[in-house]
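Visitor: Here's a sequence, model it:
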Amino acid sequence: MDWSATGLLFLAGVGAGLIGYGAGLASLCSYPALLATGLSPLLANVTNTVALTCSALGGLVTAGPELRPQRARVIRFAVAGALGGIAGAILLLSTPPGAFERLVPWLVALASVALLARPWLRRVRFERLTEHHPGVFLLIAGIAVYGGYFGAAAGVLLLATFGALLVDPYPMVNALKSIVLGAANIAASVVFVLASDISWASVLPLALGCLVGSAVSPPIVRRLPETPLRVTVGLAGLALAATLYRRQL
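Guide: Numbers count the residues shown, from 1 in each chain. Modelled structure (predicted):
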């Protein structure tokens, strides 16, 4: 891989770290960059999941103030994320590559719509459920299955769920989302390392960029208005979905 591709992946990783922590849609920055370097959709997806594990690590370094008050909650939902991530990875590797490639534009479009609809999703309230209800654990695990399978917008879905359950400030909910999604990515990555091909030459610059982007993101999220970033990324995702769909025609 040449230096231009390496630089592209590093910058995409920085963007994924920033966007993933702040908007929950890291893959819309990193996945297209991997496709641009010539990887197949399936290999790009697997490589992307492995690299995005560094987003959780970067956020963990600087999100201590948001995570320490909810340590028990973080552990409980991280377990759900890990179990779902394993299931999603196994499902991905069991899906014929051609079928996955046909699904990608629709998954990207779904992720983008979910991001644009976040204000409406936040209004959903689970009045009869508490965070300790077994159904909530299963719901988080189910979202993590999608995270292990493809991942784009899994963070958005987690944010919507936690927003409906918890009354904590947004930075705390956002930090919780990042750890749960990170647990899903790490668990899925273990499956991929054991059972799938991975482009390690692509993982390294992308992961380094994710580490940098996610490390600087928590202080930014505490101060930055969310709406401009959310709308920009969501519209860009719809444009990407349309482009990927046209390539299949």
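Visitor: where exactly do the strands run in this protein?
Guide: For the chain, applying DSSP state E gives no strands.
Visitor: Identify, among the helices and strands of it, the element with the weakest mean pLDDT.
Guide: With mean pLDDT, DSSP states H and E as the measure, the helix or strand of the chain carrying the lowest mean pLDDT is helix 118-122 (a mean of 69).
Visitor: Count residues in the vicinity of residue 87, would you?
Guide: Here the number of neighbours of residue 87 (other CB atoms under 10 Å) works out to 21. Glycine gets a C-beta too; all of them are placed from N, C-alpha and C.
Visitor: Name the residues of the top helix by length along the chain that come out as buried.
Guide: Secondary structure of the chain read by DSSP state H shows that its longest helix is helix 170-195. Neighbour-count burial for helix 170-195, with 16 or more other CB atoms under 10 Å as criterion, is recorded at 172-192.
Visitor: ok, residues contacting stretch 94-114?
Guide: Residues from elsewhere that reach stretch 94-114, judged by CB atoms under 8 Å, 6 or more residues apart in numbering: 25, 27-28, 31, 40-42, 45, 92, 121, 150, 152-153, 156-157, 160, 233-238, 240-242, 244-245, 248.
Visitor: Out of the residues you listed, which end up buried?
Guide: Burial by neighbour count, judged by 16+ other CB under 10 Å, picks out 25, 27-28, 31, 41-42, 45, 92, 121, 150, 152-153, 156-157, 160, 233-234, 236-238, 240-241, 244 from the contacts of stretch 94-114.
Visitor: any idea how far residue 167 is from residue 20?
Guide: The spacing between residue 20 and residue 167, counted by CB to CB, to the nearest Å, is 24 Å.
Visitor: try residue 154
Guide: The spacing between residue 154 and residue 167, counted by CB to CB, is 23 Å.
Visitor: With residue 107 instead?
Guide: Distance, residue 107 to residue 167, by CB to CB: 31 Å.
Visitor: try residue 140
Guide: Plainly put, residue 140 is 17 Å away from residue 167 if you go by CB to CB.
Visitor: Name the residue in the two with the higher neighbour count.
Guide: Neighbours of residue 140 and residue 167, each counted by other CB under 10 Å, are more numerous for residue 140; the result is 25 against 7.
Visitor: my guess is residue 181 meets residue 77, correct?
Guide: No: using CB atoms under 8 Å, residue 181 is not in contact with residue 77, being 10.1 Å away.
Visitor: what do those two both touch?
Guide: Overlap between the neighbourhoods of residue 181 and residue 77 is empty, taking contacts as CB under 8 Å, 6+ apart.
Visitor: in stretch 66-78, what counts as buried?
Guide: 66-67, 70, 73-74, 76-78.
Visitor: again, but for stretch 129-143
Guide: Within stretch 129-143, the residues that qualify as buried by neighbour count (16+ other CB under 10 Å) are 131, 136-137, 139-143.
Visitor: Export those to CSV and append columns for distance to residue 214 and pLDDT.
Guide: Conversion of the buried residues of stretch 129-143 to CSV gives the following (distance: CB to CB, whole Å; pLDDT from 0 to 100):
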residue, distance to residue 214, pLDDT
131, 24, 81
136, 26, 90
137, 25, 94
139, 25, 91
140, 20, 94
141, 23, 95
142, 24, 92
143, 20, 90
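Visitor: Could you single out the nearest of these to residue 205?
Guide: Within the buried residues of stretch 129-143, distances to residue 205 taken as CB to CB reach their minimum at residue 143, with 28.5 Å.
Visitor: Brilliant, that's me finished.
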